[in-house]
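**Q** dropping the sequence and predicted coords here.
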Amino acid sequence: MALYESSLKRFQLDIEKQAKTLDYYFLERMYDTRTLADSVEVESYFVNRAMGMTEQYGLKVSLFSINRVMGKIIQSKSIIGDPIYKKIALTDHRGALLVKTGAKPSKDSRLNVTELVKQVDKEPQAVLNKNGDGYEIILVSPCFFKKKRVGWILAWLDLNSLYKNFLESSVKMSSKCFDLVLNNGVPIRFSDDTCLYGLLENDREILSRIKNMEIVFVPHPYNHALQIMVTRTQIQTLPLFLTAMIESKEILPNLKGWQFLAGTGALIFLIFIGLSLFVRTRTKNLILEAQYKESERQHSALEEANKKLAETQSSLVEASRAAGMAEVATGVLHNVGSALNSVNVSCALIMDQLRDSMVKNISKLADLVAGEEEDLGRFFTEDPRGVQVPKYLLALSSAMEDEHQLLTKEAMALFDRIEHIKGIVTMQQTYGRVSGVMETLPPERLMEDALAINAGSLSPKKYHCCAALRLGPRHYGGQA
């Protein structure tokens with residue numbers, strides 16, 4: 001009886017462990033989609049879109065960057081070489097597809113994004129989508145801009161990798177196997193290779209009534225002389241149940257008399273071996289205790305070594321400071337580079353508008369009028385070209401007014417983005433300051449550094465700087 005209870009408990013613990021492993025796996029995938037939704041590339045796209053940028057002037061570049069990031073995720077996320085994701089897509093808040101990478105959808109795939117995202121609020125969710133005879137698992141994460149939902153990240157999990165690495169790994173070791181099913185007992189994947197396939201076809205109604213971790217016995221689908229133990233437990237991150245089965249003979253072995261005696265003899269032998277190991281371990285502990293007392297005498301040598309380590313630590317601190325400066329510089333370059341992309345877009349728009357400006361038509365009109373200046377009255381009343389001049393001036397005035405408004409708008413946008421770059425630099429300067437560091441400063445060197453820093457703001461036409469420094473004692477200065 002004790003052996004049976006122990007085997008049954010081990011079977012139940014194995015199921016709970018497998019369910020928690022799957023929960024953790026799905027939570028990791030939700031974190032992946034949340035990280036992508038909050039990425040700089042996705043945020044830049046919706047920022048540019050909110051500013052009125054079109055695909056022709058920049059949005060295509062943003063979508064290309066997002067597509068490249070999605071491709072890297074599909075390539076890098078794998079389990080022992082098996083891909084985790086089949087495809088990843090970005091849609092707007094209405095569900096219209098913006099960019100997608102990965103495998104093409106199957107012929108049986110039916111995806112209504114509007115209905116799919118109704119199950120998702122602010123946090124990423126794993127949802128099920130009907131796909132032919134089975135289902136597919138899709139990770140959905142909302143994208144926010146200024147606290148408004150502006151799009152969705154959709155990531156399709158590769159069920160073949162999921163089954164291979166989490167549900168089929170134990171089939172080779174025993175008759176125990178796992179499957180993912182809905183509450184009504186329907187599996188999410190139909191396949192002859194699925195260990196519960198035959199069982200689910202015959203006993204699906206029984207499976208739908210099993211409570212959490214309840215043990216139920218059903219006939220073997222292919223050998224009615226055997227019985228199958230079936231149980232299931234809820235997957236917390238999805239409306240699915242992890243269903244497990246095992247042949248009852250593995251849990252309820254039919255022991256004969258000689259097998260029982262052999263097992264009892266083996267147990268006594270193991271107890272004897274354990275006592276022998278205990279005595280040996282105790283003896284070793286006494287020896288180790290004596291060695292420990294001897295090691296205390298070497299404490300003075302360790303103190304000397306600690307002094308040397310302190311000297312080494314000071315050199316490591318200096319190296320760490322240099323590495324920190326490099327990291328700050330890298331961060332500044334990244335932030336400024338992102339902002340400069342928007343500046344380049346605005347500059348390109350302004351240059352295109354100026355290149356196609358209507359101003360050159362004024363010069364042509366002036367040349368036409370200058371050629372008829374001897375008889376302007378006749379030219380404006382009788383000449384077909386002169387008659388059209390007032391209408392043309394009105395049209396030209398309207399076109400140039402629109403052109404002026406567009407250039408003014410882009411100039412203001414360019415000014416705002418330059419101010420944004422200045423803000424980035426100012427913020428990095430604030431964070432990059434070192435606090436509370438004292439160092440010895442020669443006064444003459446401090447003055448030379450101050451003049452060098454402000455040399456750019458001192459125009460040689462207005463100011464002439466000269467320094468007469470006298471060497472003196474060094475002073476201690478602090479950097480705030």
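**A** In hand now; what should we look at? Predicted model only: the values in this text are computed from it and were never measured.
**Q** show me where the protein has its helices.
**A** Along the chain, counting by DSSP state H, helices occupy 2-37, 40-50, 60-76, 113-117, 159-162, 197-209, 248-251, 257-296, 299-355, 359-371, 376-381, 384-387, 389-431, 443-453.
**Q** which among these is found nearest to residue 95?
**A** With C-beta to C-beta as the criterion, residue 95 lies closest to helix 113-117 of these, at 3.3 Å. Where C-beta positions appear, they are placed from N, C-alpha and C, glycine not excepted.
**Q** need the pLDDT of the residue nearest to residue 151 when sequence neighbours are not counted.
**A** Spatial nearest neighbour of residue 151, excluding adjacent residues (C-beta to C-beta, 6 or more residues apart in numbering): residue 143 at 3.9 Å. Per-residue confidence at residue 143 stands at 93 (pLDDT).
**Q** residue 143 contacts residue 124, correct?
**A** No. Checked against C-beta atoms under 8 Å, the pair residue 143 and residue 124 is beyond contact range at 10.8 Å.
**Q** can you pull the residues that touch both of those two?
**A** Here residue 143 and residue 124 share the contacting residues residue 37, scored by C-beta atoms under 8 Å, 6 or more residues apart in numbering.
**Q** coming back round to it: which residues touch the residue nearest to residue 151?
**A** Contacts of residue 143 by C-beta under 8 Å, 6+ apart are 37, 42, 46, 90, 149, 150, 151, 152, 153.
**Q** narrow those residues to those that are buried.
**A** Neighbour-count burial (16 or more other C-beta atoms under 10 Å) is assigned, among these, to 37, 42, 46, 90, 150, 151, 152, 153.
**Q** these two touch, right, the fourth one and residue 101?
**A** No. Using C-beta under 8 Å, residue 90 makes no contact with residue 101, being 9.5 Å away.
**Q** now for the two: what residues contact both?
**A** residue 70.
**Q** returning to what we had before: make JSON lines out of the buried ones among the contacts of residue 143 and add distance to residue 115.
**A** As requested, the buried ones among the contacts of residue 143 are arranged in JSON lines below (distance: C-beta to C-beta, whole Å):
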{"residue": "37", "distance to residue 115": "20"}
{"residue": "42", "distance to residue 115": "23"}
{"residue": "46", "distance to residue 115": "23"}
{"residue": "90", "distance to residue 115": "18"}
{"residue": "150", "distance to residue 115": "19"}
{"residue": "151", "distance to residue 115": "17"}
{"residue": "152", "distance to residue 115": "12"}
{"residue": "153", "distance to residue 115": "17"}
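**Q** quick one: the residue nearest to residue 151 from residue 136, how far?
**A** For residue 143, the distance to residue 136 (C-beta to C-beta, to the nearest Å) stands at 21 Å.
**Q** so which of the helices of the chain is nearest residue 132?
**A** Of all the helices of the chain, helix 159-162 sits nearest to residue 132, with 12.0 Å by C-beta to C-beta.
**Q** what is the closest one packed up against?
**A** When contacts are defined as 3 or more C-beta pairs under 8 Å, 6 or more residues apart in numbering; DSSP states H and E, helix 159-162 sits against strand 82-83, strand 134-145.
**Q** winner for burial among these?
**A** Mean neighbours per residue, mean count of other C-beta atoms under 10 Å, is largest over those for strand 134-145, with a mean of 20.
**Q** okay, angle between it and helix 40-50 too, please.
**A** Interaxial angle of strand 134-145 relative to helix 40-50 (axes from the mean of the first three to the mean of the last three C-alpha atoms, to 10 degrees): 60 degrees.
**Q** for the buried ones among the contacts of residue 143, which one is nearest residue 80?
**A** Within the set of the buried ones among the contacts of residue 143, residue 153 lies nearest residue 80; the separation is 25.5 Å, counting by C-beta to C-beta.
**Q** list the contacts of the closest one.
**A** Contact analysis of residue 153 by C-beta under 8 Å, 6+ apart lists 33, 36, 37, 42, 88, 89, 90, 139, 140, 141, 142, 143.
**Q** same deal with residue 98?
**A** Shown in contact with residue 98 (C-beta under 8 Å, 6+ apart): 45, 63, 66, 89, 90, 91, 92, 151.
**Q** low-confidence ranges, the stretch 1-150 of the chain, go.
**A** 1-4, 105-111 (pLDDT under 70).
**Q** mind checking how far stretch 232-248 is from the chain centre?
**A** Its chain's average C-alpha position is 29 Å from that of stretch 232-248, according to C-alpha atoms, centre = their mean, to the nearest Å.
**Q** straight-line length of that stretch, end to end?
**A** End-to-end distance for stretch 232-248, by C-alpha to C-alpha, to the nearest Å: 16 Å.
**Q** list the contacts of that stretch.
**A** Contact partners of stretch 232-248, identified using C-beta under 8 Å, 6+ apart, comprise 11, 14-16, 18-19, 22-23, 26-27, 30, 126, 128, 137, 174-183, 188, 195-196, 199, 207, 210, 212-213, 217, 220, 226-231.
**Q** one more pass at 6 Å, please.
**A** With contacts defined as C-beta atoms under 6 Å, 6 or more residues apart in numbering, stretch 232-248 is touched by 15, 19, 22-23, 26, 126, 175-176, 178-181, 210, 212-213, 226-231.
**Q** is it true that residue 230 touches residue 216?
**A** Yes. Contact criterion C-beta atoms under 6 Å: residue 230 and residue 216 qualify, at 5.0 Å.
**Q** so those two - more neighbours on which side?
**A** Per other C-beta atoms under 10 Å, whichever of residue 230 and residue 216 has more neighbours is residue 230, with 21 against 16.
**Q** hmm, back to that, in JSON lines: the helices of the chain, plus distance to residue 84.
**A** Below are the helices of the chain laid out as JSON lines (distance: least, C-beta to C-beta, whole Å):
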{"stretch": "helix 2-37", "distance to residue 84": "7"}
{"stretch": "helix 40-50", "distance to residue 84": "20"}
{"stretch": "helix 60-76", "distance to residue 84": "8"}
{"stretch": "helix 113-117", "distance to residue 84": "20"}
{"stretch": "helix 159-162", "distance to residue 84": "6"}
{"stretch": "helix 197-209", "distance to residue 84": "24"}
{"stretch": "helix 248-251", "distance to residue 84": "32"}
{"stretch": "helix 257-296", "distance to residue 84": "43"}
{"stretch": "helix 299-355", "distance to residue 84": "28"}
{"stretch": "helix 359-371", "distance to residue 84": "57"}
{"stretch": "helix 376-381", "distance to residue 84": "76"}
{"stretch": "helix 384-387", "distance to residue 84": "71"}
{"stretch": "helix 389-431", "distance to residue 84": "35"}
{"stretch": "helix 443-453", "distance to residue 84": "52"}
